[in-house]
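**Q** mind looking at a prediction? Sequence and model below.
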Amino acid sequence: MLVDRIDAQQHSFATFLSLTEPEQAAMFRDSAEATRDIEQMRREACTRIPANPQSAARWFDIQTQRLDALRLIETRLIDTLSAVAQRSLQHTVDDAHPGEAALAAWVVQQSSVKAAPVERHLLPLVRQQARELEKLSRELTSLQETLEERKTIDKAKSLLMNHQGISEELAWQQLRKLAMNQNQRMVDIARSLLLSASLWSVTPKE
């Protein structure tokens, strides 16, 4: 799903660049195009590579800067479009018949009314970004916890292998059987085993 969103976003930006004026295109490339850091964090998110929990905060900072740049571009585009529309409507007033001129003048007057803040257009995007960042942070935390649990289980397996002289598969089966018999998670059994080994001297099997 994330890959599809990235592709859709890139397609939208490509369409914008193909239609916009050179000045706006240059501004986008200089300040709003995806940076190397963004691409790297995208790859980490798509491949579910365990990352530093601080990555979520870093992602938020980078994307906030990018949103600010996009907001500036949006504001300039709105101002340019408003100016073009004003000139076009003014020409209509000058060239129209009396009845049409009155209507055109009213349209010009209405178009001069200050538009709603640009923030209104960005607020849903910011909220969506905040939700996705929160989800990403939870996923990163879960991945880190899973990795730590895997390390704990591997340590317990190594302890059983060295102490009893058994294979990795048998050590895994013993841990799994203990967990099932005691109705506990394997990681909890592994922690208990490692704790016992730290309190008592464990002599490897001859």
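**A** Looks like it arrived, so ask away.
**Q** from here on, just use CA atoms for contacts and neighbour counts.
**A** Will do.
**Q** which stretches of the chain have low pLDDT?
**A** For the chain, applying pLDDT under 70 flags the ranges 1-3, 45-54, 89-123, 125-126, 200-206.
**Q** measure residue 193 to residue 166 for me?
**A** The spacing between residue 193 and residue 166, counted by CA to CA, to the nearest Å, is 16 Å.
**Q** the more surrounded of the two?
**A** Taking other CA atoms under 10 Å, residue 193 and residue 166 do not tie; residue 193 has more neighbours (18 against 14).
**Q** need the contact list for that one.
**A** Neighbour list for residue 193: residue 156 [criterion: CA atoms under 8 Å, 6 or more residues apart in numbering].
**Q** could you look up the SS state of residue 184?
**A** Here residue 184 is coil, with the state taken from DSSP: H, G, I helix; E, B strand; the rest coil.
**Q** how close does it sit to residue 168?
**A** From residue 184 to residue 168 the distance is 21 Å (CA to CA).
**Q** can you name the next helix or strand after the longest helix along the chain?
**A** Longest helix in the chain, counting residues (DSSP state H): helix 119-164. Counting by DSSP states H and E, the next helix or strand C-terminal to helix 119-164 is helix 168-181.
**Q** now that next one against helix 119-164, angle please.
**A** Counting by axes from the mean of the first three to the mean of the last three CA atoms, to 10 degrees, helix 168-181 lies at 110 degrees to helix 119-164.
**Q** just how off-centre is helix 168-181 within its chain?
**A** A distance of 38 Å separates the centroid of the chain from that of helix 168-181, by CA atoms, centre = their mean, to the nearest Å.
**Q** buried ones in it?
**A** Neighbour-count burial for helix 168-181, with 16 or more other CA atoms under 10 Å as criterion, is recorded at 171, 172, 175, 176, 179.
**Q** end-to-end on stretch 38-57?
**A** Stretch 38-57: ends 13 Å apart by CA to CA.
**Q** and what of stretch 12-26?
**A** One end of stretch 12-26 to the other measures 16 Å (CA to CA).
**Q** report the contact partners of the closest residue to residue 67 other than its chain neighbours.
**A** Closest residue to residue 67 apart from its sequence neighbours, by CA to CA, 6 or more residues apart in numbering: residue 32 at 7.6 Å. Contacts of residue 32 were listed using CA under 8 Å, 6+ apart, and they are 66, 67, 69, 70.
**Q** do you know how far the third one is from residue 25?
**A** Using CA to CA, we find residue 69 at a distance of 12 Å from residue 25.
**Q** cool, and the first one?
**A** Note on residue 66: its distance to residue 25, by CA to CA, is 15 Å.
**Q** go ahead and confirm residue 156 touches residue 192.
**A** No - Residue 156 is beyond contact range of residue 192, at 9.1 Å (criterion: CA atoms under 8 Å).
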